[in-house]
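J.: sequence and predicted structure are below.
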Amino acid sequence: MKCEALSRFEPSNHYRVMDAHSHRRRWVITRIATALAASITIAAQASAGNSPSTNEVVQGNTALALDLLRLESAKPGNVFFSPYSISAALAMTFAGARGTTETEMARALHFTLAPAQLHRAFGALAHRFDEIAARTNVALTVANSLWYQQDYHLTENFLKLNREYYRAEVRPLDFAGAPDAACQKINSWVAHKTQDRIRDLLSQVPRATRLVLCNAIYFKGTWANPFEERRTHPQPFYVKPDQPLSVPLMSEEISVRTHAEAGVDLFTLPYAGDDISMVILLPKARDGLAALEKELDATKLRDWVAATEAAPFGRARILLPKFKLDLRLELNADLKSLGMPTAFEAGAADFSGMDGSRNLFIGDVVHQAYVDVNEQGTEAAAATAVTMLAMSVHAPPPEFRVDHPFLFLIRDNQTGAILFLGRVVDPSK
């Protein structure tokens, strides 16, 4: 994980940047806002005519985002990920889940809609992103793919659903015979879809792999009100209340929407086109981030963001750190702890909707995300891969070619008594 210069807002009359709880873990609240950019933006647009199904998927996605944030924040280091990418890749996987596996995944991932409605809503979200990119200067692309073992049979319904709602590219690979080449092919696809920002999503794929489901998302937008580089200067950033670091702080006086809650201030920084915004949640206390993360849930986040979006514009001086993050997450443990362990258990997992059998289970869920926040705007990319393994790989049976002299015996299996013993040197005699 890489992190370049970061810091806080320093407002005596407007907004004070409160510090993170530790140098490596809790440094700036924009990690929440940026990580949730896609889900928050769509949720805040509920009044703009989104369907109830789309709104329900967005709220579930936001709830999953906060669940993962809590789990990842308990670990040392920074946090950044794409809730949408993770949800989309797992929704593609969910399309093949049945029985207990389906029930657990729905609960853990906050999928509350009937499957047909759920997948249709994910398709509507992808269409929404296309529409934003088509009429604004924002770059926003979403791509999905499904890579299967070339001689492995997947049900036509599963393939059709992923093609129709997720516009997934379906391609064969030889995981069993050439796993390294298969891994490279998937990584190249991800790199291409993320403008080369996510290069090595998969470090390897086992020979037992029968299916890999991928989502990739790329975003690049300029601020509606860019920061002037000449106003960026090293300033204190408090990693602890009494421990400042000197980091580059961007500074600009602009019109923003703001909202205050007990213990936290919110404001939005829109990107050009006003369809996408970064939402900042800034604790009032320098050591207030832990309390905020503990308090925050999907309902409060929705209400707070809606109140911020409804507020009038007002002038404020914003001081925001420049930063870059590049983070990889291994999500198996998180997803199990959220309530979907069966999906990872060989013999117990039921993904019969994929192949008509109960032979498949999830091997790994990996996620990688990148973000660069600077004076001009923000570039962000993320990718998620779900690797499906076969419960057993049927290797060719061993061969014993009896084509040279040998011994044999005939025995009583119960007692072990040898009844006959022989030696064959020439069976033709």
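T.: That came through, no problem. Here the structure is a predicted model, which is why all the values come from computation and not from measurement. Residues are numbered from 1 along each chain as shown.

J.: output the contacting helices and strands for the one helix or strand Leu118 maps to.
T.: Here Leu118 sits within helix 115-135, counting by DSSP states H and E. With contacts defined as 3 or more CB pairs under 8 Å, 6 or more residues apart in numbering; DSSP states H and E, the packing partners of helix 115-135 are helix 52-73, helix 83-94, strand 139-149, helix 156-166. C-beta here means a position set from N, CA and C on the backbone, and glycine is covered the same way.

J.: how about the longest one: buried residues?
T.: By that I understand helix 52-73. The neighbour-count check on helix 52-73 (16 or more other CB atoms under 10 Å) flags 53-69, 71-73 as buried.

J.: also the last one?
T.: Residues Phe158, Leu159, Leu161, Asn162, Tyr165, Tyr166 are the ones in helix 156-166 that count as buried (16+ other CB under 10 Å).

J.: which other residues reach that helix?
T.: Helix 156-166 is contacted from outside by 88, 91-92, 95-96, 119-120, 122-123, 126, 144, 146, 168, 170, 213, 353-355, using CB atoms under 8 Å, 6 or more residues apart in numbering.

J.: for the record, mean pLDDT for it?
T.: For helix 156-166, the mean per-residue pLDDT is 97.

J.: output it as PDB, restricted to C-alpha atoms.
T.: Extracted in PDB, the C-alpha atoms of helix 156-166 (Å, rounded to 0.1, in the frame of the first residue of the first chain):
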ATOM      1  CA  GLU A 156     -26.600 -21.400 -20.500                       C
ATOM      2  CA  ASN A 157     -28.900 -19.500 -18.100                       C
ATOM      3  CA  PHE A 158     -25.900 -18.500 -15.900                       C
ATOM      4  CA  LEU A 159     -24.000 -17.300 -19.000                       C
ATOM      5  CA  LYS A 160     -27.000 -15.500 -20.400                       C
ATOM      6  CA  LEU A 161     -27.700 -13.600 -17.200                       C
ATOM      7  CA  ASN A 162     -24.100 -12.400 -16.900                       C
ATOM      8  CA  ARG A 163     -24.000 -11.300 -20.500                       C
ATOM      9  CA  GLU A 164     -27.400  -9.600 -20.400                       C
ATOM     10  CA  TYR A 165     -27.300  -7.700 -17.100                       C
ATOM     11  CA  TYR A 166     -23.500  -7.300 -16.400                       C
END
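
J.: tilt between it and helix 115-135?
T.: In terms of direction (axes from the mean of the first three to the mean of the last three CA atoms, to 10 degrees), helix 156-166 departs from helix 115-135 by 40 degrees.

J.: helix 156-166 vs helix 83-94, what angle?
T.: Using the same axes, to 10 degrees: helix 156-166 against helix 83-94 is 160 degrees.

J.: spell out which residues make up each domain of this structure.
T.: 25-222+323-390, 229-321 (automatic domain parsing).

J.: strand partners of the longest strand seen in the chain, parallel vs antiparallel please.
T.: For the chain, the strand with the greatest residue count under DSSP state E is strand 243-261. When pairing is defined by DSSP bridges, strand 243-261 lines up against strand 233-240 (antiparallel), strand 264-270 (antiparallel), strand 313-321 (antiparallel).

J.: that one: how far from the chain's middle?
T.: Strand 243-261 sits 28 Å away from the centroid of its parent chain (CA atoms, centre = their mean, to the nearest Å).

J.: again, but for stretch 351-359
T.: 24 Å.

J.: buried ones in it?
T.: Phe351, Ser352, Gly353, Met354, Asp355, Arg358, Asn359.

J.: distance check, the fourth one against Leu125.
T.: So that's Met354. 23 Å (CB to CB, to the nearest Å).

J.: can you check the first one too?
T.: Applying CB to CB, one obtains 24 Å for the distance of Phe351 from Leu125.

J.: likewise for the third one?
T.: Gly353 sits 22 Å away from Leu125, taking CB to CB as the criterion.

J.: which residues touch Ile362?
T.: Per CB under 8 Å, 6+ apart, neighbours of Ile362: Thr93, Asn332, Ala343, Phe344, Ala349, Val386, Thr387, Met388, Leu389.

J.: out of those residues, which sit inside helices?
T.: Those of the contacts of Ile362 mapping onto helices are Thr93, Asn332, per DSSP state H.

J.: got CSV for the contacts of Ile362, with pLDDT too?
T.: Formatted as CSV, the contacts of Ile362 follow (pLDDT from 0 to 100):
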residue, pLDDT
Thr93, 98
Asn332, 97
Ala343, 98
Phe344, 97
Ala349, 97
Val386, 97
Thr387, 97
Met388, 97
Leu389, 96
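
J.: fine, thanks again, bye for now.
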